[in-house]
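**Q** show me how the following folds:
(2 chains)
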Protein chains: 2
Amino acid sequence: MTSQPKDVGILATDIYFPPTCVQQEALEDHDGVSKGKYTIGLGQDCMAFCTEVEDVISMSLTVVTSLLEKYGIDSKQIGRLEVGSETVIDKSKSIKTFLMQIFEENGNTDIEGVDSTNACYGGTAALFNCVNWVESSSWDGRYGLVVCTDSAVYAEGPARPTGGAAAIAMLIGPNAPITFESKYRASHMSHAYDFYKPNLASEYPVVDGKLSQTCYLMALDSCYKRLCDRFEKLGGKPFSISEADYFVFHSPYNKLVQKSFARLCFVDFLRNASSVEEVAREKLAPFSALSGEESYQSRDLEKASQQVAKQLYDTKVQPTTLLPKQVGNMYTASLYAALASLIHNKHNSLVGKRVLMFSYGSGLTATMFSLKFRDCQYPFTVSNIATVMNISDKLKSRHETPPAKFVEILKLMEHRYGSKDFVTTKDTSLLSPGTFYLTEVDSMYRRSYAKKAEDGTTGGKNTTACENGSLANGH
Amino acid sequence: MTSQPKDVGILATDIYFPPTCVQQEALEDHDGVSKGKYTIGLGQDCMAFCTEVEDVISMSLTVVTSLLEKYGIDSKQIGRLEVGSETVIDKSKSIKTFLMQIFEENGNTDIEGVDSTNACYGGTAALFNCVNWVESSSWDGRYGLVVCTDSAVYAEGPARPTGGAAAIAMLIGPNAPITFESKYRASHMSHAYDFYKPNLASEYPVVDGKLSQTCYLMALDSCYKRLCDRFEKLGGKPFSISEADYFVFHSPYNKLVQKSFARLCFVDFLRNASSVEEVAREKLAPFSALSGEESYQSRDLEKASQQVAKQLYDTKVQPTTLLPKQVGNMYTASLYAALASLIHNKHNSLVGKRVLMFSYGSGLTATMFSLKFRDCQYPFTVSNIATVMNISDKLKSRHETPPAKFVEILKLMEHRYGSKDFVTTKDTSLLSPGTFYLTEVDSMYRRSYAKKAEDGTTGGKNTTACENGSLANGH
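**A** A predicted model of the protein is given here:
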C-alpha cells in the first residue's frame, strides 16, 4: 500500500516549559547552604516549576497544539500518538487520551498509541515505538507524534533543587532532518531501586542519590561499550568519542553530564589507549587497574578524567546543556530538551553531523543511540526547528519567583496531589497566549482545562470534558 | 544485517492465574443478591484473585519463567520485553525492570522495551510495539516478549464480582503460527471518564458502569465500521461477520461480549442488509431508524440482536469465553486469555482461520485487528501452544475459596496496598511448584520475591533484590 519509508526520524519538534522559575543562586541563599552548592555542585542555573494552574496534561495540550499550528499540520494527518511520562495523575487513564481532545474536535479518532512508562526513559520508548511503527507493515502513511511531559518535584531537602518541568512534542515520519542510525544502538536494563515512586499517595519519589548516580554511570559504560563493539563490527574501524560530533545525555543535573562525558573518555582510554592523546593517557594511567566498582567511587579518577575531557566537553557537550541547566530536570523530556538546546545553538552547522544520545530511566532502563542530521525541505529543516522552538524568547520571558513563594506553591501542590473537588485560581497572568491551564477537578476527579486566548485574555476556548458531549461528560 | 522478516506474530504463549478463586454462585448467596445476578446477569462463572503472596510482579515472573522453560528459549535470545498493565505498584519503576532479574542472571541486559499503560489496552499496545520492532530496521534478530499482567479488584458493591487476575506471556517473532493481517486494523481513541484510577492511594478504580458499557460499544462500532471499510477498499469485496471465523473480545464480563457480538450483527444489517439472513432482517428492521445514542440504550434492540446473533455466537464466540468466564476480568490479559481459550478449545482446526480481535481500554483506547492461524514447525505450532498452556489442568487444580474468606483477604490487601515494612505469611501451600511469590516489602518499599521449588517445597531460590549484588541491594 505504501512504499518502504526511508530516513525515518524527527521531522519537527516544539518545547514548552512553565514561565515560573526559581534561580538556583537564590535558592542557595534561601536554603542556607554553602554558596555554589546548587550552581557549581549540581551545575544548575535555574529551575522551572508548575503552579496550580499547570500540570503534565496542560503542558502537553499546549505543546501539541503549538507544534501542529506552527507547522500547519492538519490533525487528521496524525496516525499515532505516544506519550512518555512518569508523572502519574491517573493510574489507568493515559495522558494520550487527554490529548485526544485536540484530535476529536477535528474528527480524527483513529490514532494508535498509549503512554510508555519507566522513569525518565518513557519518552525514548515512545520515540522508538513511533519510529518502528513508521517502518512496520502496519504504518498507514500518516505522521507519528511523540510527547514527553513531566513535572519533577522533590520533598524539601537536598534533592529539591534537582526539579524541573517541561513538555516536548516531536513529529515523526520519513525523510526527516534528524534520522536514526538504527543499527548503532545499545541498551542496558536491570532491576534496581535507585529512584522510584512506591508511595502512591505522594508526588515525591524515593531517591538514593548516590546509588542512582552509580547506576547511571554503570548503565552508560555498558551501553557505550556495546555501541562501540557494534560500530566496530559493522563499520570495520575503531570507535571512540571522535566518531561522534555531539553527545547528548539525560540530564538530572549538569554535574552528572560532566561526569558522564569524562567517563566516556576513560572508557575510550581503557578500550584503546591510542584513541586518547598522550597527555590524557598519562593522567589516566594510574587508574587503569581499578575495578569497575572502585572506578565509580574514585574522586581522583573523576577529577583526572574531567580535566582530560574538558576541551572536548566544551565542543561536543556544552552546546546541549542550555535548557537542562535553565529549566532543570524534565525527566522524560530532559534528553530531548538537551537535543533542542543543540539545535538552538548550532542549527546552521548540524547537517551531516552525528549525535550520540544517552537515555536513562531509573529502575533501570538505558539506551545509547545515534542520530544524524540531514538537509531537508522546508518546513522540516534544522533551522526552521530552531526558529519554531524560539528558545531564546521563551527563556527571556520567564518570571523569576522568590524562593519563599516557590516553597509555598509546592506546599499547595503537595496538598492538591491526588485530591478532588477544587477549582484553581485560573490566574493566567504569567502564561503566554495559547497556553492551556487547569481550571477545576470535580467531585469525581474529572479535570477541566481551558486555553488562554491568543489575544491574551483568559476567555479562551474551554476544553473541559463536559464540552465533548454527553459521553465524556460522565453520563 | 538481517533480512526483512515475514509472518511476524505470536510464536508461543503461556498463561498463569492464581489458584485461589471464588464461585460466582457462592458470591451471589453471600452478597444476598438475586440468584443469577452474577452468573446470568454478568455471565460469569468464577473469579480468580491474588492472596497476599501474589501480585502482578510475581505472576509475571512466573509466566515468563514458565514460557522460557517450556519452549527451551535461552533468555539471551530475547531482545525486547514489553509489559502491559494497569495495576500500579510503583508509579515510576516499570514491571519490566522487575522481570529483568530473570535475564540478568544469564548475563542478558540488552533488552529494549518498558511498560505500556492505558487501562486494559496496555497489553495490545505492547504487542503492537513488539511486532513493529521485529519489522523495523532496528530489529536485531532476537525474539520479542510481551507480558500482560493485572489484578482487577473492586470496592465492595456491584462491581466487585467483575474482578479477576492473570498474567500472560507471548513470544514474538517471524514465521509465527499466529500472524497479523497488519492492514486490517482500525482504532478508536477518545477522551472519556468511564473507568479510571484517580484515587492514587486506593487500588480500586472509579467506575461509571453504564457509561463504560456505552463507551465500549461505541468504540466497537467505530472500529468495526472502519475495519469493514478498509477491508472492502483493499479486498474489493463486501465485509461482514462471515469473513472472520472467530471473534475475540476484551471481556470485563461475559454479558458484554454477548452484547458486543450482537451489536456487530446489527452493524452488518445497517451497513448491508443483504449480508444478514431474511429472518434477522425482519427482526432488526424496526430499529433501523434509531439514532446511535438511542441504539446503545434500547433494550428491545439488545434483545432482538442477541436472538439474531445466538447461533453465530455459539460458533464464532463461545469457544473464546472459557477463561474470561472462569477467571474473571484480567484487564490487559483478558483479550489474550480469550484467544488462549480459543486455542485450547479448537487447536486442531485453527490453521487457515481468521480471528478478529477487539481490544478496549477505558479512558478510552480501542483497536480491532485481524489475526490468521498458520501451519508452523514444532515447537511453534498451535497444538503445542495448547499443550503447553495446559488450561484444563490449571483450572482443575484451583482452590475454591468461601466468599467470606475472599472478602477477608481483600480487606487485608486493601490495607497492604501502597504500604511498606511488612512480611507475608510466605504460605505457598496452594501454589504450584515454580510459582513466584512475595515474601517481604521492606522499610524502603523494596519488594522481595521467592520461587516455590520444583519439588514442591518452599525452599526455592530467592530472587530478592538483595541477591542481585550490591547495586540492586540499595547501596
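
**Q** which elements pack onto the helix or strand where residue A:325 lies?
**A** Secondary structure assigned from DSSP states H and E places residue A:325 in helix A:322-327. If contacts are counted by 3 or more C-beta pairs under 8 Å, 6 or more residues apart in numbering or on different chains; DSSP states H and E, helix A:322-327 sits against strand A:46-48, strand A:164-173, helix A:254-271, helix A:334-346, helix A:391-396. C-betas here are computed from N, CA, C, even on glycine.

**Q** most tightly surrounded among those?
**A** The highest mean neighbour count among these, using mean count of other C-beta atoms under 10 Å in any protein chain shown, belongs to strand A:164-173: a mean of 28.

**Q** that one pairs with which strands, parallel or anti?
**A** strand A:9-16 (antiparallel), strand A:143-152 (antiparallel) (DSSP bridges).

**Q** what angle do the first one and helix A:334-346 make?
**A** On the basis of axes from the mean of the first three to the mean of the last three C-alpha atoms, to 10 degrees, strand A:9-16 is oriented at 90 degrees to helix A:334-346.

**Q** adjacent strands (with direction) for whatever helix or strand comes next after strand A:9-16?
**A** Note on strand A:9-16: by DSSP H and E, the next helix or strand toward the C-terminus is strand A:20-23. Strand pairing for strand A:20-23, determined by DSSP bridges: strand A:46-48 (antiparallel), strand A:399-400 (parallel).

**Q** burial count for the closest residue to residue A:434 other than its chain neighbours?
**A** Closest residue in space to residue A:434, ignoring its immediate chain neighbours: residue A:454 at 5.7 Å, by C-beta to C-beta, 6 or more residues apart in numbering or on different chains. Burial measure for residue A:454: 12 neighbouring residues, criterion other C-beta atoms under 10 Å in any protein chain shown.

**Q** and the next element down the chain from the longest helix seen in chain A?
**A** Looking across chain A with DSSP state H, the single longest helix is helix A:209-235. Going down the chain from helix A:209-235, the next helix or strand is strand A:246-249, by DSSP H and E.

**Q** run through who's touching that next one.
**A** A:241, A:256-257, A:260-261, A:264, A:316-317, A:319-320, A:335, A:338-339, A:342, A:346, A:353-358, A:360 (C-beta atoms under 8 Å, 6 or more residues apart in numbering or on different chains).

**Q** select the longest strand from chain A.
**A** strand A:178-189 (DSSP state E).

**Q** next secondary structure after that strand?
**A** strand A:195-196.

**Q** against which helices or strands is that following strand packed?
**A** strand A:206-207.

**Q** for the strand it packs on, the averaged confidence score.
**A** Mean pLDDT, computed over strand A:206-207, is 95.

**Q** one more: stretch A:89-96?
**A** 98.

**Q** okay, how far is it across that stretch, tip to tip?
**A** Taking C-alpha to C-alpha, to the nearest Å, stretch A:89-96 runs 12 Å from one end to the other.

**Q** contacting residues around that stretch?
**A** A:55-57, A:60, A:81-83, A:85, A:113-115, A:147, A:149, A:200, A:445, A:447, B:86, B:88, B:91, B:117-119, B:189, B:193, B:195-198, B:200, B:205, B:362-363, B:365.

**Q** which helix or which strand is home to residue A:300?
**A** Residue A:300 belongs to helix A:299-316, assigned by DSSP H and E.

**Q** the residue of the stretch 201-350 of chain A found nearest chain B: neighbour count?
**A** Residue nearest to chain B within the stretch 201-350 of chain A (C-beta to the nearest C-beta): residue A:201, separated by 4.0 Å. A count of neighbours around residue A:201, defined by other C-beta under 10 Å, yields 11.

**Q** shouldn't it be within a helix?
**A** No. According to DSSP: H, G, I helix; E, B strand; the rest coil, residue A:201 belongs to no helix; its state is coil.

**Q** let me know the pLDDT of it.
**A** 93.

**Q** residues contacting it?
**A** A:417-418, B:200-201, B:418.

**Q** one more pass at 6 Å, please.
**A** B:200-201 (C-beta atoms under 6 Å, 6 or more residues apart in numbering or on different chains).

**Q** same deal with residue A:114?
**A** A:94, A:96, B:116, B:118, B:125, B:365.

**Q** Provide a PyMOL selection command restricted to the buried entries of those residues.
**A** In PyMOL syntax, the buried subset of the contacts of residue A:114 is picked out as below (16 or more other C-beta atoms under 10 Å in any protein chain shown):
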select buried, (chain A and resi 94+96) or (chain B and resi 116+118+125+365)
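
**Q** tell me the one of the contacts of residue A:114 nearest residue A:142?
**A** Nearest to residue A:142, judged by C-beta to C-beta, of the contacts of residue A:114 is residue A:96 at 15.8 Å.

**Q** after the helix or strand containing the closest one comes which helix or strand?
**A** Here residue A:96 sits within helix A:95-104, counting by DSSP H and E. Next in sequence after helix A:95-104, counting helices and strands by DSSP H and E, comes strand A:115-117.

**Q** partners of that next one, with directions?
**A** Short version: by DSSP bridges, strand A:115-117 pairs with strand A:78-84 (parallel), strand B:115-117 (antiparallel).

**Q** who's in contact with the shortest one?
**A** Here strand B:115-117 makes contact (C-beta under 6 Å, 6+ apart) with A:94, A:114-115, A:117, B:83-84, B:94-96, B:122, B:125-126.

**Q** ok now it, how far from the chain's centre?
**A** Relative to its parent chain, strand B:115-117 has a centroid offset of 14 Å by C-alpha atoms, centre = their mean, to the nearest Å.

**Q** could you do stretch A:427-446 as well?
**A** 23 Å.

**Q** ditto for stretch A:95-106
**A** For stretch A:95-106, the distance to the chain centre is 22 Å (C-alpha atoms, centre = their mean).

**Q** and that stretch, what's buried?
**A** A:95-104.

**Q** out of the residues you listed, which two sit at the greatest distance?
**A** Across the buried residues of stretch A:95-106 (C-beta to C-beta), the longest gap, 15.2 Å, separates A:95 and A:104.

**Q** distance check, residue A:246 against residue A:371.
**A** Using C-beta to C-beta, to the nearest Å, we find residue A:246 at a distance of 9 Å from residue A:371.

**Q** residues that sit against both of those two, list them.
**A** residue A:355.

**Q** which neighbours does the longest strand of chain A have in its sheet, and in what orientation?
**A** In the sheet, strand A:178-189 lines up with strand A:9-16 (antiparallel), strand A:365-373 (antiparallel) (DSSP bridges).

**Q** and these as TSV, adding mean pLDDT and distance to residue B:19?
**A** Shown next, in TSV, are the strands paired with strand A:178-189 (pLDDT from 0 to 100; distance: least, C-beta to C-beta, whole Å):
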stretch	mean pLDDT	distance to residue B:19
strand A:9-16	98	49
strand A:365-373	98	32
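
**Q** check those strands for me and report the most buried one.
**A** Of those, strand A:9-16 is the most buried (mean count of other C-beta under 10 Å), at a mean of 26.

**Q** just want the most central residue of chain A.
**A** Per C-alpha atoms, centre = their mean, the C-alpha nearest to the average position across chain A is that of residue A:333, at 1.6 Å.

**Q** skip the chain neighbours and tell me the closest residue to it.
**A** residue A:148 (4.0 Å).

**Q** gap between that neighbour and chain B?
**A** 13 Å (C-beta to the nearest C-beta, to the nearest Å).

**Q** next one: residue A:135
**A** 4 Å.

**Q** report how many residues lie close to the closest residue to chain B within the stretch 251-400 of chain A.
**A** Chain B sits closest to residue A:363 of the stretch 251-400 of chain A, with a gap of 3.8 Å, by C-beta to the nearest C-beta. Look at residue A:363: counted by other C-beta under 10 Å, it has 33 neighbours.

**Q** phi first, then psi, for it.
**A** Here is the backbone geometry of residue A:363 (degrees, to the nearest 10): phi 120, psi -30.

**Q** which element is the closest residue to it other than its chain neighbours on?
**A** Among residues not flanking residue A:363 along the chain, residue B:93 sits closest, at 3.8 Å (C-beta to C-beta, 6+ apart). Per DSSP H and E, residue B:93 falls between elements, in no helix or strand.
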